[in-house]
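Engineer: here is my input, please return the structure:
(4 chains)
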4 protein chains.
Amino acid sequence: MVRLKLSIELDYDIAQPGCDFILNLHAAHTRHQTVVNERLELNQNLQQQLFVDPATGNRYLRLTAWAGNLRLRYDATLDLAHWMAPPESVPEVPVARLPPQVLGYIYPSRYCQSDRLHKLAMREFGHLWQGYGRVKAIQEWVQARVKFAQNTTTASTSAVDTLIEQVGVCRDFAHLMIALCRAVNIPARFATGIDYGADPALGPTDFHAYVEAYLGDRWYIFDPSGTAIPMGFVRLGTGRDAADVSFATIFGTVRSAAPKIAIEAIADARGVLVVPYHCNQAISTDA
Amino acid sequence: MVRLKLSIELDYDIAQPGCDFILNLHAAHTRHQTVVNERLELNQNLQQQLFVDPATGNRYLRLTAWAGNLRLRYDATLDLAHWMAPPESVPEVPVARLPPQVLGYIYPSRYCQSDRLHKLAMREFGHLWQGYGRVKAIQEWVQARVKFAQNTTTASTSAVDTLIEQVGVCRDFAHLMIALCRAVNIPARFATGIDYGADPALGPTDFHAYVEAYLGDRWYIFDPSGTAIPMGFVRLGTGRDAADVSFATIFGTVRSAAPKIAIEAIADARGVLVVPYHCNQAISTDA
Amino acid sequence: MVRLKLSIELDYDIAQPGCDFILNLHAAHTRHQTVVNERLELNQNLQQQLFVDPATGNRYLRLTAWAGNLRLRYDATLDLAHWMAPPESVPEVPVARLPPQVLGYIYPSRYCQSDRLHKLAMREFGHLWQGYGRVKAIQEWVQARVKFAQNTTTASTSAVDTLIEQVGVCRDFAHLMIALCRAVNIPARFATGIDYGADPALGPTDFHAYVEAYLGDRWYIFDPSGTAIPMGFVRLGTGRDAADVSFATIFGTVRSAAPKIAIEAIADARGVLVVPYHCNQAISTDA
Amino acid sequence: MVRLKLSIELDYDIAQPGCDFILNLHAAHTRHQTVVNERLELNQNLQQQLFVDPATGNRYLRLTAWAGNLRLRYDATLDLAHWMAPPESVPEVPVARLPPQVLGYIYPSRYCQSDRLHKLAMREFGHLWQGYGRVKAIQEWVQARVKFAQNTTTASTSAVDTLIEQVGVCRDFAHLMIALCRAVNIPARFATGIDYGADPALGPTDFHAYVEAYLGDRWYIFDPSGTAIPMGFVRLGTGRDAADVSFATIFGTVRSAAPKIAIEAIADARGVLVVPYHCNQAISTDA
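Structural biologist: The predicted model follows:
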């Protein structure tokens, strides 16, 4: 089990009163991710409405803020009791046997136009053994083609753009991998989180985007940008793609500072410290 | 109350055995749409798996078919007890008060790239009174610009394409209207159904696509292609856009004939016949 | 030398008088393609304006037609004295030494967005020996990925679409190959013509689209859709892409029948008949 | 007559030797724009190749630079003897009478997808009187919809993007206006220049992009971003769109500083100083 302690600080200057925020800062409640403790602090005295999406376990905070400065700080300690499996034991699930609530993740979405990629995906991946290894092959295909580079893409960059231009950030890697999985009928979704062990050469710790693919009977984690250690991902939210899961959706005019994020592995109640490491098992934090 | 009797016949030639179908042919269960009776006939003896999506009331039938000919016929009688309201009494719901399960419908989706249309939508509709009338204004804006023409668009045509090229079919009108609603933060979704009263000049009765917008405390019906009578829509499914709600998703190689669809208004148990008509009320079949 | 005899018949129904046509039906005048004789017949008595583009040798016919039926028939006999070279002797031309009038063909155009493909093209072709063989490798890459299928694309389909969707007709193959050549700074242009020896399985003889790449000191022919015999191509026009060279640009509302096209190899004045064949030389009809 | 004195300074750090440049820094030679004197200075001793495009009068400088720092400074004095005409006297030219060398400018190009905008343009502008005023109406339509904002667009942003997202810089305004003109068969092209009188609130003087439309018997100037004074535009180059006319096309890896540009009106040989002003005449610097 991994115990992680994280903090997220957000800082906004709000032009007008009555600015609505929907924040997905709270760590998700999943079968293998437990919140040991958490605390949210705000510098404005606001009514807070926290709700949990029953389908995904995502937690959303709604606020309506005053004009002026708004600072939020979220602190949490999480226990991750990963499900792990030998990759070769994890099969794909035939479409006819996908659980109903998973079916939606084989359809195309805003940034993952899998409907346009069937021929390409079948040519590249159609002949591979159908299991965890095929999803890994898709991840490696994306990693081999796309170059990680800050400030090369925008909020409307999609999987098709990334396939063409072959450059982007973690979000773009995730969208392309998801689109290719769906194009061969493997359910895949977009996950956001805080990533322990991010490569400092890529800049300060930030929100991370990665992929979960439905294999066997659960959602397994893949990190197509390859910039961090999957065992150290604290999951905030999952959805079809970045359109569904933003850490902050803001309805108003604000200026925002870069978020300040810290994460570290700490010892658990028994004093045992497990530091996340790159492992070659299939890992999952969700059923 | 309107009582409608409908039949849908589908006919496929399947190249290989083991072809999976996900069909959304069954009329949705909603608060105001009741299935009086229904029957599904198949010419293949297949295991059928019918499930209801708890969030939308959509019903999906899963089959795995043999090679050769597959014919399906669905017959149903439905009662529609529409919710009706004077348009001027139906307000928009501020983002801060949208129910959590409705929030997702303000985000962009595969065919409705509302994220790219904020400036345009604000310029065109930002100054209007916030209520049913604003959604109606969006519908009329779309109708005034887009020309209905068969075979002008494809399965990957999106709202942005329709805005540029100004031509399409019911599905394209719906996508553009949805994208513009979301761009001003009005939740909107894609609905499919069978439409009583379709203009015969546009071809034989077919599956119809229209829009539901969340106003007041429920989903109201809009028909941006203006080709049928909203009071006569039997709802099959709703979703983010056409990526979510197809009457048939097929995993295999098939040839398909054009569907044969019939719908008529019939008398209810008391012998009362209400024929759907164009009314100037806001109407809804769902909470 | 190859002598070819061709005829093109076009048939239009014109809704209103004063319909302008710009036709590129006349075989181009090039250094290696000579018009032995030609004749144009029209069923309307119209003023004809024929002009030659000095840069490309394209010939354009301008007409303003009456309402009603317009039929055109173009007959011509052409001599093609191909320039041929061993592929391994044909180098690329460094950008610094490209003739000024060729430079424009390394820039992106409407359907060939080479500006977006630099990384992809460099990864696939950047390491290859710079010469005819590299362009051949690009052609083979396109052929291996794209499937020829009628009615899968539209007039606005571009190279980027074809790269993603991997299906199309000769025009789409040409656009993708051109875009990839330009992305590695090889000048490439779109050519239209009549193709001797088209595979009858693909339908009746039609206008063909292919590619010319500037190598050594001239424009060499490539046929990325691989559907015909390059030695039998009669060139009508060349341009940046299909936006520049349409066999008919029509300013008005017309209905058109499918063009009727015939082409055959005939004996020359000395009685010698050379039938076009697939040869493994680099061939060119232009300096 | 306006006499303008300008200087352009460019500064590059070049990673590897043998870096090719194609520069369009020299003021174009046109019928109404005369170079009184000019001088180019380089800090590297390089062979310079200057050529003039016969079709447009654009002048291109080709260099192959050494690794290290490359600085260029271009100084010139220009006389602009504008052709001016009362707007109401300037008609459109029917397609059937367009000069052959102008025809290409009604076709779509990389960033100006006029082929997709016919319906929209006809609905907005099809009913207007066909002359200078219609082009002015297109310019005003673009200005009313698009917001000028730095750093909102990229090198691959096109007219269709700008129509949808309604934000951009001078280049984006020009592309959209050009696409709309072509969509109603008015020849339009992209022009680059140095703009006297640019609004200092928008940043330091920079290269400017504007539009020329072919009306009457010449190319008239339009400035859709409305950020400068057309009478003070020194023309560097014209082309289909930004794909054709870049002030610097660089084949290699360089870092570049922002260009330093200065322009001022000076007295002519007789001591007469004419300062460019906003005039309500149709103006042209080219036949």
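Engineer: would residue A:21 count as being in a strand?
Structural biologist: Yes - counting by DSSP: H, G, I helix; E, B strand; the rest coil, residue A:21 is found in a strand.
Engineer: for it, which residues make a bridge with it?
Structural biologist: residue A:63, residue A:250 (DSSP bridges).
Engineer: tell me who's in contact with it.
Structural biologist: Residue A:21 makes contact with A:61, A:62, A:63, A:64, A:65, A:70, A:248, A:249, A:250, A:251, according to Cβ atoms under 8 Å, 6 or more residues apart in numbering or on different chains. Where you see a C-beta, it was placed from the backbone N, CA and C, and this is true even at glycine.
Engineer: if you set the cut-off to 7 Å instead, what comes out?
Structural biologist: Residue A:21 makes contacts with A:62, A:63, A:65, A:248, A:250, as judged by Cβ atoms under 7 Å, 6 or more residues apart in numbering or on different chains.
Engineer: near chain B, which residues of the stretch 51-200 of chain A are found?
Structural biologist: The stretch 51-200 of chain A has residues A:51, A:53, A:62, A:64, A:95-96, A:100, A:104, A:107-110, A:113, A:115-116, A:155-156, A:185 near chain B, with proximity defined as Cβ under 7 Å from any Cβ of the partner chain.
Engineer: per-residue pLDDT of residue A:227, please?
Structural biologist: Reading off the confidence values, residue A:227 has pLDDT 87.
Engineer: can you tell me the closest non-neighbouring residue to it?
Structural biologist: Nearest residue to residue A:227, sequence neighbours excluded (Cβ to Cβ, 6 or more residues apart in numbering or on different chains): residue A:199, at 5.3 Å.
Engineer: how many neighbours does that neighbour have?
Structural biologist: By other Cβ atoms under 10 Å in any protein chain shown, 13 other residues sit near residue A:199.
Engineer: same check on residue A:56?
Structural biologist: Using other Cβ under 10 Å, residue A:56 is surrounded by 20 other residues.
Engineer: quick check: phi and psi at the closest residue to it other than its chain neighbours.
Structural biologist: Nearest non-adjacent residue to residue A:56, counting by Cβ to Cβ, 6+ apart: residue A:238, 5.1 Å away. When read as degrees, to the nearest 10, the backbone of residue A:238 gives phi -130, psi 150.
Engineer: for chain B, see how far away residue A:238 is.
Structural biologist: 13 Å (Cβ to the nearest Cβ, to the nearest Å).
Engineer: now swap in residue A:187 and tell me
Structural biologist: Separation of residue A:187 from chain B (Cβ to the nearest Cβ): 13 Å.
Engineer: same thing with residue A:269?
Structural biologist: Residue A:269 sits 34 Å away from chain B, going by Cβ to the nearest Cβ.
Engineer: got the contact list for that residue?
Structural biologist: Going by Cβ under 7 Å, 6+ apart, residue A:269 touches no other residue.
Engineer: that one: which element?
Structural biologist: Under DSSP states H and E, no helix or strand contains residue A:269.
Engineer: report how many residues lie close to the residue in the stretch 151-287 of chain A that chain D sits nearest to.
Structural biologist: With Cβ to the nearest Cβ as the measure, residue A:154 is the residue of the stretch 151-287 of chain A nearest to chain D, at 7.5 Å. Residue A:154: 10 surrounding residues under other Cβ under 10 Å.
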